[in-house]
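In: Here's a sequence, model it:
(chains A and B)
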Amino acid sequence: MAFFNSLSQDTYDRQYTDTYLMRRIATYFSHERRSLLALAALLGIYPLLSAITPVLISTAIDSSNRDDTLNLRWILIILLIVAVVDFLFTWTRSRIITRLVGYGTAQMRKDAFAAAVNRDLAFYDDNKSGKIVSRITSDTQEFANIVIIFSDIFIQFVSLFVLVIVLLSRSVVLTGVVLLWLPIFIGVALIFRRLSRVVGRQGARAMAAVNDNIQESVAGINIAKNFRRENLIYGEFVQVNLQSYTINLRRGFVLALIFPVLNILSGFGSATVVYFGASSVLEGFINIGSWYLFVQTVDRFWFPIINLAGFWSQLQQGLSAAERIFALIDSENSVIQKSNETVTSLKGGIEFKNMVFEYRSGIRVLDNFNLSIRPGESLAFVGHTGAGKSTIAKLIARFYEFQSGDILIDGRDIRTLDLHTFRGQLGIVSQSPFLFSGTIAENIRYSKPQATDDEVEAIAKSIGDGEWLETLPEGLQTDVGERGARLSMGQRQLVSLLRVLLQRPAIFILDEATASIDPFTETQIQEALDKILTQSTSILIAHRLSTVRRADRIIVLREGEIIEQGNHESLIEQGGHYAELYNTYFRHQSLSYIENARTYSPSPARHTRVSLDQRTPN
Amino acid sequence: MSAEFIARASFNTNHSSALRFILSHILRHPLVAILMVTGAFSNAALAAAVPYYIGIAFNAIINGSQWEIVQHAVLGIVASQALRGVLQAMRNFSSELFAQRVERDVRDELYASLLGKSMAFHDTKPVGEIMARVTNDVREMNLMMNPGLNLIVGSGFFLLMPLVVAPTIYPQLILTPLVFLILYFVFQYRFVTTLNPIARSVRVSFGNMNARLAETLDGLQIVKGAAREQEEISLFSRLTDEVRDFFVRQGYIEARYIPFLLLSLATIGGLIHAVYLHQLGLIDTGKIIAFVGLLYLLQFPVFTSLRSLSQVASGYASAARILDIIITETDLDQNEGGYAQPIKGRITFSNVGFGYEDTNQSVHDLGFTVEPGQTVAIVGQTGSGKTTITKLINRTYDVDTGSVQVDNVDVRNWNLATLRSQISIIEQDIFLFSRSIADNIRFGNQTATQAEIEAVARKVQAHDFIMSFPDGYNTVVGQRGVTLSGGQRQRIAIARAFLTDPPILILDDSTSAIDSATEDLIQQAIWAASKGRTTILITHRLSQIRWADHIVVLRQGRVVAQGTHDALLQSSESYRRIFARYEMTNSSNQILTEMSSGR
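Out: I've put the predicted structure just below:
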């Protein structure tokens, strides 16, 4: 277990003591003080109530046996009252617990979510968002189960305790006979627990093999059909399906033994109590009623015991879930602001002074970096992957903390700005454009919620005469689906650019998408880009030749250093690193390449067909 | 029923309703079913033996210390419970066998039926949804059999046992179990019907919360960039509160589970009745004890019924969903007697109209002709109908109006297998199987030799990168960190198609980013592949559009322009806009190319 735990640890995980965890968990229920008090009262009385029923029944039978009619009548009335009260208590207890669990879970989810949203992006570089999601949804649920486990275990344990005392008061010897069975039951329960874990793991593995097989063949089914290979993949499927059947059957057979074995044991337990009880009655140690009490309680005894055996592991599970959530809530941001000066309107000047940045200590990405960007200038950053292009953009957005030096925005230290109002003046388009579920109009309006419908429409129509909206079923009101999945990549890019156009930010940061887009949409994206570039200071992490060429200044980065800068023509002229980058990444996007494409083909056969198309490459 | 593939083992199960479907799977294993039911019955009967023997023991003591009878009763308990354990194990084994067989068979049947569905079917169903049917829903049917049905049959006998045995103690004693049973069914029914809608609301609201949560965290950079953290937090709070409120309402309903009250009232009522009969001198104390013990048997069904009922209900729903897929008719058939000749490669679209749904037409009045050996580029915005055209050629779908002809024969008159086996489509999302690269290339032509595979790989510029892997052609795709780039996958797919030598090749070009060197290689691969066959390119690459023999420009499902590059520059405004941006910078690019190619 410990081994697996250590595998799934995240960097921000920390250890809390159990008492600290308990105390902190309690705070999530403390505002429900009345419910808690009521629950405590119920938990005090309830076990007595549930232990009293078998005692009453056995007394009733004893009285009936002795024809003690008066006594009998009272006992039966009390029994009825106990039954009704017992039901009302159970009902109330379940209501209270539901309320506690529901409200506690919701509060914890809100806290965890608020913490997750306020973590800086460095945090998400180290931690996958999927894992955080499961902390917020599943771990909170598991933690809440602690309440249920506690109240159940408490009741079972106390009623068992009360019962044992009653039994001891009737006959010590007979109680001893009952208790003798305890270790056997617990032992059997533990053995099965271990066995079922082993076979369960094998079963899960066989299932996973089936799922893999199906996943692959369903995903590739059109290929299989195209090549008429259905029989081949069906044969493979039958094989894994049969293997999973065999293994899961074995697992099932092991699990199927649990209840028969426990039932046999419980039957034997009853038999011993009947036997020794009868001899105790004969020898006059106990009366008929007490004998019956023992016979009745034997059955009630075993199942709580089996539950108790699993209590610790359940409790530990709940506590470690709570620990994971608290670790998320308590994790710290690395970006720290010295003060929070409100940013009203920015001109867009940016200056890096002797700046040093490392993602992890020791791995220096930018060393003594200096760069000054005039308001309104547009800069294209080019360089191989890892040269530091995106890092510069992220530092301007203050998503990461740098180690030394300064970043000045309009001459002000970036560490003194109020991040909320500062980021309100940034327009960021990330490499994989991200849309939220909702309509296109809602997405365009995301950074400027107060924009009117007319404004949104005017912006949307300003690009390519709004032609891009034609292919969408409901124009601006089209639902984009989760994460924008219903739109094409090109449409998503266009929407995220329109979002920025509407916002009119002082600083525009574009991490250009690398996917190629159909040429019509591409043309429209470039029109949108043209407009933004005239409005804002622009930081372009460029992947397209057309974008690079449009920048006022091209910054060539290698290993975090500026090695060349200038415009396209002058840089090509130099024949340095830029010319090399051009050859690697941009050459195929140039018109001359497009016009001459056929000459790159070595295939001589191609030229024999010149007669067919009459055009020769220039 | 028409199918494109019929598995060798066919299942003769009933498909008329979900219930009959389940029953027909159950009846495939009659012996196991009988074992399960008899096991369940004898289990309940032998459980009822315990109170019976206890009653005897008590009577023996009360009526004057008949020790021998007590010993017999104790032996009776031991023997009956040992036997019960064995029979119960038999019951559990057989229901397990049953459940696993049902899972195996249903999955096999569903899988075979999926293989038989048309390409159109698989086109419209997302892989995730089909996976959910084949894995989760089939597993649900397993759980419906065991523990679901097993517990219901088992606990059903526990409900019946007091009703049957009580009259043998004393006829009047049937009253309590009878009244209990009637009330139990009434309240159970009411409980389930009030609980179901709330439980559904809990699931739906939880799904909404979860979806928004995942979305927000994935798009956190946008949230932060737009300074909208506070709005997202309040939206999430609202969704969380919705889940909480439904959860609490569900909990309140579950808390008020009347059958628990009924159970204790039945025990006490039964006790009162028995004591009353005892006072009348009609039964002795041992019989009271036996009767009360009998009523304790009712606990088991009351405590397990909720779980087993919901298990059966969700299994039933799963069976209905599975059946839905199995009985979906796919309208295309093999057309065995159709036209079956080698394709020369002429493709004609005349007045073609088609829509995926009846109300929404995707392409209108399409008309164009591709001559054998020509390369045609189809261009247009996303959603303009480019991919639809390719699906009409190999009859993934049939046209609604007009016709598509291959070699002047309507595709509907072609033998389907002959037609498809001569048309190769390389899709946008290239799918490779997790087996060796060699196996992937020979997927369509199992008899190809290693030399043939390598020859093809060389032609499509794949040989060099394949040999750069330590295991070469035996490298298993997707294993041990071998990740293929988009450009590499594309070249393997082209090789796979190449090896079957199709007269018609359709290439839906991927949108993945590539560098200039890869672009060169892909250009060469496509040129090599298009040689000597009709080629349709759906492409974003201007270089391919520029050099196609014929270009078809689509907009909203209509051909708005077609012809050669030069003709289109004259006739099409939107086509001109694409190239217009380049013309102003043309001269400088000329210099660059010469520099970069070292001339």
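In: nearest residue to A:L581 other than its sequence neighbours?
Out: In space, and not counting its chain neighbours, A:L581 is closest to A:V382: 5.6 Å by Cβ to Cβ, 6 or more residues apart in numbering or on different chains. Just so you know, the C-beta spots here come from the backbone N, C-alpha and C atoms, and that holds for glycine as well.
In: I'd guessed the one you found sits against A:I562; true?
Out: No. Contact status for A:V382 versus A:I562: not in contact, 11.0 Å apart, counting by Cβ atoms under 8 Å.
In: more crowded one of these two?
Out: A:V382 (26 against 16; other Cβ atoms under 10 Å in any protein chain shown).
In: Please determine how far the more buried one is located from B:H550.
Out: According to Cβ to Cβ, to the nearest Å, A:V382 stands 37 Å off from B:H550.
In: who's in contact with stretch B:448-458?
Out: B:438, B:441-442, B:463, B:466, B:473, B:495, B:498-499 (Cβ atoms under 8 Å, 6 or more residues apart in numbering or on different chains).
In: can you pull out the strands in the chain?
Out: You didn't say which chain, so I picked chain A. When assigned using DSSP state E, the strands of chain A occupy the ranges A:350-360, A:363-373, A:378-382, A:404-409, A:412-413, A:426-429, A:507-511, A:537-541, A:553-558, A:561-566.
In: actually chain B
Out: B:347-354, B:363-370, B:375-380, B:401-406, B:409-410, B:423-426, B:504-508, B:534-538, B:550-555, B:558-563.
In: what's the neighbour count on B:V460?
Out: With other Cβ under 10 Å as criterion, B:V460 counts 26.
In: And it, how far from chain A?
Out: 11 Å (Cβ to the nearest Cβ, to the nearest Å).
In: Equivalent analysis for B:H273, please.
Out: From B:H273 to chain A the distance is 11 Å (Cβ to the nearest Cβ).
In: quick one on the thing from earlier: got any residues that touch both of A:V382 and A:I562?
Out: A:555-556.
In: which residue sits closest to whichever residue of the stretch 1-150 of chain A sits closest to chain B, ignoring its sequence neighbours?
Out: Residue nearest to chain B within the stretch 1-150 of chain A (Cβ to the nearest Cβ): A:T98, separated by 2.7 Å. Counting by Cβ to Cβ, 6+ apart, A:T98 lies nearest to B:G251, which is 2.7 Å off, once chain neighbours are set aside.
In: For chain A, see how far away the residue nearest to B:K117 when sequence neighbours are not counted is.
Out: Excluding its sequence neighbours, the residue lying closest to B:K117 (Cβ to Cβ, 6+ apart) is B:T330, at 5.1 Å. According to Cβ to the nearest Cβ, B:T330 and chain A sit 12 Å apart.
In: So B:T330 sits against B:H122, correct?
Out: No. Counting by Cβ under 8 Å, B:T330 stays clear of B:H122, with 9.6 Å between them.
In: what number of residues lie near the closest residue to chain A within the stretch 151-300 of chain B?
Out: Here the residue of the stretch 151-300 of chain B nearest chain A is B:G251; by Cβ to the nearest Cβ that distance is 2.7 Å. The local packing of B:G251 (other Cβ under 10 Å) involves 20 other residues.
In: B:E215 is in contact with A:G130, correct?
Out: No. Taking contacts as Cβ under 8 Å, A:G130 lies outside contact range of B:E215: 11.9 Å.
In: Just want to know which of the two has more residues nearby.
Out: Ranked by neighbour count (other Cβ under 10 Å), A:G130 and B:E215 place B:E215 first, with 21 against 10.
In: For residue 415, give me its contacts.
Out: If you meant another chain, say so; for now it's chain A. A:336-338.
In: not what I meant, chain B
Out: Counted by Cβ under 8 Å, 6+ apart, B:N415 has contacts B:334-340.
In: Of the residues you listed, which qualify as buried by neighbour count?
Out: Buried by 16 or more other Cβ atoms under 10 Å in any protein chain shown: B:335, B:338-339, out of the contacts of B:N415.
In: hang on, isn't B:V302 packed against B:S264?
Out: No. Taking contacts as Cβ under 8 Å, B:V302 lies outside contact range of B:S264: 10.2 Å.
In: any idea how far A:Y28 is from A:A144?
Out: 9 Å.
In: between those two, what contacts are shared?
Out: A:104, A:108.
In: Looking at those two now, which is surrounded by more residues?
Out: The neighbour comparison of A:Y28 against A:A144 (other Cβ under 10 Å) goes to A:A144, with 26 against 21.
In: Show the contacting residues for B:M90.
Out: B:35, B:39.
In: give me that answer again for 6 Å
Out: B:G39 (Cβ atoms under 6 Å, 6 or more residues apart in numbering or on different chains).
In: what do you get for B:T418?
Out: Contacts of B:T418 (Cβ under 6 Å, 6+ apart): B:A340.
In: so how far is B:G380 from it?
Out: To B:G380, B:T418 is 31 Å away according to Cβ to Cβ.
In: what residues does the stretch 151-300 of chain B put near chain A?
Out: Selection of the stretch 151-300 of chain B residues close to chain A by Cβ under 6 Å from any Cβ of the partner chain yields B:210, B:213-215, B:217-219, B:221-222, B:225-227, B:229, B:232-233, B:236-237, B:240, B:244, B:247-248, B:251-252, B:255-256, B:261, B:264, B:268, B:272, B:275, B:278, B:285, B:288.
In: now, which of those residues lie within helices?
Out: B:210, B:213-215, B:217-218, B:221-222, B:225, B:229, B:232-233, B:236-237, B:240, B:244, B:247-248, B:251-252, B:255, B:261, B:264, B:268, B:272, B:275, B:278, B:285, B:288 (DSSP state H).
In: Rounded mean pLDDT for stretch A:572-582, please.
Out: The average pLDDT within stretch A:572-582 is 86.
In: That one: end-to-end distance?
Out: With Cα to Cα, to the nearest Å applied, stretch A:572-582 spans 8 Å between its terminal residues.
In: Run through who's touching that stretch.
Out: Residues outside stretch A:572-582 that contact it (Cβ under 6 Å, 6+ apart): A:382, A:556, A:563-564, A:571, B:592.
In: distance of B:H25 from B:R321?
Out: From B:H25 to B:R321 the distance is 15 Å (Cβ to Cβ).
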